[in-house]
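Engineer: this is a predicted model, with the sequence first.
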Amino acid sequence: MKKRNRNLVITAALSFAIALSGCSSKDAAGDAKVEKETPVQVENITKGNLTVKNEIIAKAMSDSSVDVMPKMIGEITEINVKKGDKVKKGQVLAVLDNTDQQLAVQMQQTAGRNAQSQYEQALVSKKQAETAISNAKLALKNAELNLQKAKDGQATGIDNSDFGLEQAQISLQDAQVNYDRMKALFDSGAASKQQVEQAKTALDQAKIGLEQAKLQKSNAEKQTDIELAEQGVKQAKVGLTNAQQQLELANVSVKQAQVGIDSNKLQVQQAQLQLDDSKIVATAAGEITDINHVVGDVVSNSAPFTTIVDLNKMVVEAKISANQLPAFKNGQKIQVEIPSLNETLTATVSYISNMADEGGFYLMEATLPNKDGKIKHGMIAKVINESTVVQDSLIVPTNAVIEKGDETYIYVVKDGVAVQTDVTIIRAQTDFTAIEGEGLSESTVIVSKGQNTLSDGNKVKIIEEEE
């Protein structure tokens, strides 16, 4: 059997047993017929797994430690935080002298208002050009109607003048015939001189009417009105072309003005960004650990203004050996003890290095929540790792196992008597040991305290463990 050296004596139980044994000896001296009973404590054998509990020394670190760098060179005019303050991401921590940046923003904003005014004026010009096109189209339409009317009027006038000329010629012929007849009658004394003169007047008027009819026909055949109307159409077309060109120019002006507005917006944004750069803002949420400057100092983007540590989410860093590697994997839940807080918390393995350091250890990181902020940066921690070394075995308290010489045994209580029972140790730990033994089961009652004063066959008195 395997021999093991362990502390098997429990001081309190031993003292208690010796005291009772002394009393029993006195009783035996007084009355030899009374058999001694050894006080013991007992418990049942259990069946289950035997686990090994390892503790790995680790350190709690902030998951996020950020140096806040100024974005420009400048003199500090205002500091809004102090060491130990908790800040939010984006919070303004300090302000640099930004007189030039403010002036640049104002200048670009003024240029933006001018660009907007030019854009609005271009829109007015475009509207006017669109109105001019509408008017030019209407003028062209009227001119075309006038031309058509002139053409229609010329045809009607020619027809009327032809009819008038024909009527004037007939009237002249009739007047000539009447005059000749009256003159003949006058020569024959059948008509008066007055009648001849009247016939002569009528003839003269018919001649004048014929001349007028010829003149009207000549005028009707002339192209003057049509030419004027055609000239009006040409002028209307020129006016429409000019209006369309003005609209094109107005559209170009609108586009140019819009480009000016867009360009100015970019310039305003750039100026505003430069103004924003004069503010030193928190790039992460957390606690201010130190401030490296005071008001009046000139800072640059080559040195941090402050450092922010995020204590809401901590990382436990531990170095594990190659033998311990198989016990951990990413995403695994592990127990972490913080001795200074006397607390054991659950962490999640987030990283395991694939390369050992110079000492042959591998870095393991596990995230640890810290909403109440009790865990501080740099606190010592212990990673608790339990692994099963024996499965489905009989488990007894390690103190119950006695090793003497080549013998390893326990005491089983049967009918008030301690029976020495040989066992084989499968795996022993500080508190519990996995064993094998003939006739043992998880219902077997064994002596767990007081066994060191027993011999095989001794009567025992079971006492309860004090609370």
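Structural biologist: Arrived safely. Keep in mind the model is a prediction, meaning the values are calculated, not measured.
Engineer: where does the chain dip in pLDDT?
Structural biologist: 1-35, 153-163, 213, 215-224, 466-467 (pLDDT under 70).
Engineer: what about Asp277, how many residues nearby?
Structural biologist: 17 (other Cβ atoms under 10 Å). Bear in mind the C-beta positions are built from the backbone N, C-alpha and C, glycine included.
Engineer: mind telling me what element the closest residue in space to Leu228 that isn't next to it in sequence is part of?
Structural biologist: Once its chain neighbours are removed from consideration, Leu228 has its nearest residue in Ala150; the separation is 7.3 Å (Cβ to Cβ, 6 or more residues apart in numbering). Ala150 belongs to helix 99-187 when elements are defined using DSSP states H and E.
Engineer: quick one: contacts for the residue most central in space within the chain?
Structural biologist: The centroid of the chain falls nearest to Lys89 when counting by Cα atoms, centre = their mean (14.6 Å). Listed by Cβ atoms under 8 Å, 6 or more residues apart in numbering, the contact partners of Lys89 are Ala282, Thr283, Ala284, Ala285.
Engineer: if we use 6 Å, what do you get?
Structural biologist: Ala282, Ala284, Ala285 (Cβ atoms under 6 Å, 6 or more residues apart in numbering).
Engineer: any of those buried? List them.
Structural biologist: When those are checked for burial by 16 or more other Cβ atoms under 10 Å, the buried set is Ala282, Ala285.
Engineer: how far away from the center of its chain is stretch 61-73?
Structural biologist: Once both centres are worked out by Cα atoms, centre = their mean, to the nearest Å, stretch 61-73 turns out to sit 22 Å from its chain's centre.
Engineer: biggest strand in the chain by residues?
Structural biologist: With DSSP state E setting the assignment, residue counts place strand 46-68 as the longest strand in the chain.
Engineer: surely Ser387 meets Lys53?
Structural biologist: No. Ser387 sits out of contact with Lys53 when judged by Cβ atoms under 6 Å, with a separation of 8.4 Å.
Engineer: does Pro70 count as helix, strand or coil?
Structural biologist: coil (DSSP: H, G, I helix; E, B strand; the rest coil).
Engineer: list the residues that contact it.
Structural biologist: Ile280, Val299, Asn301, Phe305.
Engineer: swap in Thr433?
Structural biologist: The contact partners of Thr433, taken as Cβ under 6 Å, 6+ apart, are Val396, Thr398, Val401, Ile425.
Engineer: and for Ile320?
Structural biologist: Residues in contact with Ile320, defined by Cβ under 6 Å, 6+ apart, are Tyr362, Met364.
Engineer: ok, it to Ile334 distance?
Structural biologist: Computed with Cβ to Cβ, to the nearest Å, the distance linking Ile320 and Ile334 is 11 Å.
Engineer: could I get the buried residue list for the longest strand of the chain?
Structural biologist: So for strand 46-68, counting by 16+ other Cβ under 10 Å, buried means Leu50, Ile56, Ala58, Ala60, Met61, Ser62, Asp63, Ser64, Val66, Val68.
Engineer: can you tell me the closest non-neighbouring residue to the second one?
Structural biologist: Yep, that's Ile56 we're talking about. For Ile56, the nearest residue in space outside its immediate sequence neighbours is Val383; the separation is 4.2 Å by Cβ to Cβ, 6+ apart.
Engineer: I'd say Lys449 and Gln41 touch.
Structural biologist: Yes. Checked against Cβ under 6 Å, the pair Lys449 and Gln41 is within contact range at 4.0 Å.
Engineer: rewinding a little: now the residue nearest to Leu228: how far from Leu50?
Structural biologist: When Cβ to Cβ is the yardstick, Ala150 and Leu50 sit 122 Å from each other.
Engineer: surely Asn411 is within a strand?
Structural biologist: Slight slip there: residue 411 is Tyr, not Asn. Yes. Secondary structure assignment (three-state DSSP) places Tyr411 inside a strand.
Engineer: measure stretch 70-81 end to end?
Structural biologist: 15 Å (Cα to Cα, to the nearest Å).
Engineer: buried residues of it, list them for me.
Structural biologist: Neighbour-count burial for stretch 70-81, with 16+ other Cβ under 10 Å as criterion, is recorded at Pro70, Lys71, Met72, Gly74, Ile76, Ile79, Val81.
Engineer: you'd agree the last one is up against Val92?
Structural biologist: Right, the one you point to is Val81. No. In this structure, Val81 is not within contact of Val92 by Cβ under 6 Å, at 9.0 Å.
Engineer: returning to that earlier point: out of the contacts of Pro70, which comes closest to Val259?
Structural biologist: Closest to Val259 out of the contacts of Pro70 is Asn301 (33.9 Å), distances taken as Cβ to Cβ.
Engineer: just to revisit the earlier point, would you format the contacts of Thr433 as CSV with distance to Val417 and neighbour count included?
Structural biologist: Supplementary listing: the contacts of Thr433 in CSV, determined by distance: Cβ to Cβ, whole Å; neighbours: other Cβ atoms under 10 Å:
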residue, distance to Val417, neighbour count
Val396, 19, 23
Thr398, 24, 17
Val401, 19, 21
Ile425, 24, 18
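Engineer: nearest to His293, of those residues?
Structural biologist: Looking at these and their distance to His293, the nearest is Thr398, at 61.4 Å (Cβ to Cβ).
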